[in-house]
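Asks: sequence unknown, structure follows:
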């Protein structure tokens, strides 16, 4: 079983729509969680960290469910510029980050 | 501020040729450094990580090696490239609250 699994998508949504997707992780000892955004042929960049209580950054909301070992990302009022691949990242505090394969989101006009 | 440099950005190499990718970090000391590879349509696979000079941990058996000759320098090498070594290679630095990536090297082995 992979350490981090994501629905690859793609999620094709119209502008203004809400899109949400999950990521599951296998190691219950995982301590920190992140969503990264990766544009085509570019390096990943941090979108947001995910905190136990859930957190929001503008149109983006991240949730963590430790009992079920998943994190989620919700994007409200989608913009064309939100089109990207979203990577789920898990850190077990042993210096190694585990990445999901990514969820592709395409926002259409 | 901390920055991470990686080069070259693109590389086309014949099978059997050597490889050397370099990554340097500025603005921090004793960083944890990583090499990842991303194959087309796939997630990032951790290849090597290093917590200090001369300290290298390998995650997967492969045709590649890594070295850390200086505190802020991390090098990925191969003596003889295989077709399967093609991919997008990313150097990263773990800054305790997030990972920062170099711009990546797109390697095509022909």
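Replies: Ah, there it is. For clarity, every value in this text was computed on a predicted model and none was experimentally measured.

Asks: residues near the residue in chain A that chain B sits nearest to, how many?
Replies: Using C-beta to the nearest C-beta, residue A:101 is the residue of chain A that sits closest to chain B, at 3.5 Å. To be clear about C-beta, it is placed using only N, CA and C from the backbone, and glycine gets the same treatment. The burial count assigned to residue A:101 is 22, neighbours taken as other C-beta atoms under 10 Å in any protein chain shown.

Asks: how about the secondary structure of it?
Replies: Three-state secondary structure (criterion: DSSP: H, G, I helix; E, B strand; the rest coil) places residue A:101 in coil.

Asks: number of nearby residues for residue A:105?
Replies: A total of 21 residues lie near residue A:105 under the criterion other C-beta under 10 Å.

Asks: the residue of chain A closest to chain B and residue B:23, how far apart?
Replies: Residue A:101 sits at a distance of 23 Å from residue B:23 (criterion: C-beta to C-beta, to the nearest Å).

Asks: equivalent analysis for residue B:97, please.
Replies: Separation of residue B:97 from residue B:23 (C-beta to C-beta) stands at 20 Å.

Asks: these two: who's more crowded?
Replies: More crowded of residue B:97 and residue B:23, by other C-beta under 10 Å: residue B:23, with 26 against 9.

Asks: just for the chain, where's the confidence low?
Replies: No chain specified, so I'll use chain A. In the prediction, chain A carries residues with pLDDT under 70 at positions A:93-94.

Asks: hm, I was asking about chain B
Replies: Where chain B drops into low confidence, which here means pLDDT under 70, it does so at B:1.

Asks: surely residue B:37 touches residue B:89?
Replies: Yes. Using C-beta atoms under 8 Å, residue B:37 makes contact with residue B:89 at a distance of 5.4 Å.

Asks: what residues are up against the residue in chain B that chain A sits nearest to?
Replies: For chain B, the nearest residue to chain A under the criterion C-beta to the nearest C-beta is residue B:43, separated by 3.5 Å. Under the criterion of C-beta atoms under 8 Å, 6 or more residues apart in numbering or on different chains, the neighbours of residue B:43 are A:4, A:6, A:87, A:99-102.

Asks: do you know how far the residue nearest to the spatial centre of chain B is from residue A:86?
Replies: Centroid check for chain B by C-alpha atoms, centre = their mean gives residue B:35 as the closest residue, at 3.4 Å. Summarising the geometry, the distance separating residue B:35 from residue A:86, computed by C-beta to C-beta, is 22 Å.

Asks: also residue A:16?
Replies: When distances are taken as C-beta to C-beta, residue A:16 and residue A:86 turn out to be 18 Å apart.

Asks: same check on residue B:18?
Replies: Using C-beta to C-beta, which is the criterion applied here, residue B:18 is 36 Å from residue A:86.

Asks: how about residue B:46?
Replies: Distance of residue B:46 to residue A:86, given as C-beta to C-beta: 19 Å.

Asks: do the same with residue A:106
Replies: Taken as C-beta to C-beta, the spacing of residue A:106 relative to residue A:86 amounts to 12 Å.

Asks: go on, residue A:50?
Replies: Taking C-beta to C-beta as the measure, residue A:50 falls 12 Å from residue A:86.
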